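In: pasting the structure only:
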């Protein structure tokens with residue numbers, strides 16, 4: 001999702017209140033000296049409904065699958081390090 005570059009909030013952007021069962025999405029990005037950052041957080045007041053729980057489980061599965069190769073490389077790199085007590 002693209003980040004919009006606005007100097008001031010859209011009219012009516014903050015007129016909705018966070019109530020029980022409503023979700024809140026915060027998305028922020030920045031660029032500093034060639035480094036790009038993106039941060040997204042979501043919250044819900046109260047208990048999430050079944051659809052949100054299903055979506056979270058799907059996202060969690062994708063993230064865990066992406067972390068698996070990283071863990072394998074880290075494990076291999078750790079086992080190949082020279083002993084520090086030589």
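Out: Looks like it came in fine. Predicted model, so just to flag it, every value in this text is computed and none were measured. Residues are numbered from 1 along each chain as shown.

In: any idea which element the residue nearest the centre of the chain lies in?
Out: The structure's the chain has its C-alpha centroid closest to residue 40; by CA atoms, centre = their mean the separation is 4.9 Å. Assessed by DSSP states H and E, residue 40 sits inside strand 35-44.

In: Adjacent strands (with direction) for that strand?
Out: Neighbouring strands of strand 35-44 in its sheet, by DSSP bridges, are strand 23-32 (antiparallel).

In: what does the strand it pairs with contact?
Out: 1, 3, 18, 36-45, 48, 52 (CB atoms under 8 Å, 6 or more residues apart in numbering). Where you see a C-beta, it was placed from the backbone N, CA and C, and this is true even at glycine.

In: do stretch 54-69 as well
Out: Residues from elsewhere that reach stretch 54-69, judged by CB under 8 Å, 6+ apart: residue 48.

In: In that stretch, which residues are buried?
Out: Buried residues in stretch 54-69, counted by 16 or more other CB atoms under 10 Å: none are found.

In: and if you look at stretch 19-37?
Out: Applying 16+ other CB under 10 Å to stretch 19-37 flags no residue as buried.

In: gap between the two ends of it?
Out: 30 Å (CA to CA, to the nearest Å).

In: so the residue nearest to the centre of the chain bridges to which residues?
Out: Counting by DSSP bridges, the residues bridging with residue 40 are residue 27.

In: quick one, what contacts it?
Out: Contacts of residue 40 (CB under 8 Å, 6+ apart): 25-28.

In: Tabulate those (JSON lines), appending distance to residue 58.
Out: Output for the contacts of residue 40, formatted as JSON lines (distance: CB to CB, whole Å):
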{"residue": "25", "distance to residue 58": "17"}
{"residue": "26", "distance to residue 58": "21"}
{"residue": "27", "distance to residue 58": "19"}
{"residue": "28", "distance to residue 58": "23"}
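
In: Just the angle for the helix or strand harbouring residue 61 relative to strand 23-32, thanks.
Out: Element membership for residue 61 (DSSP H and E) is helix 50-79. Interaxial angle, helix 50-79 versus strand 23-32 (axes from the mean of the first three to the mean of the last three CA atoms, to 10 degrees): 40 degrees.
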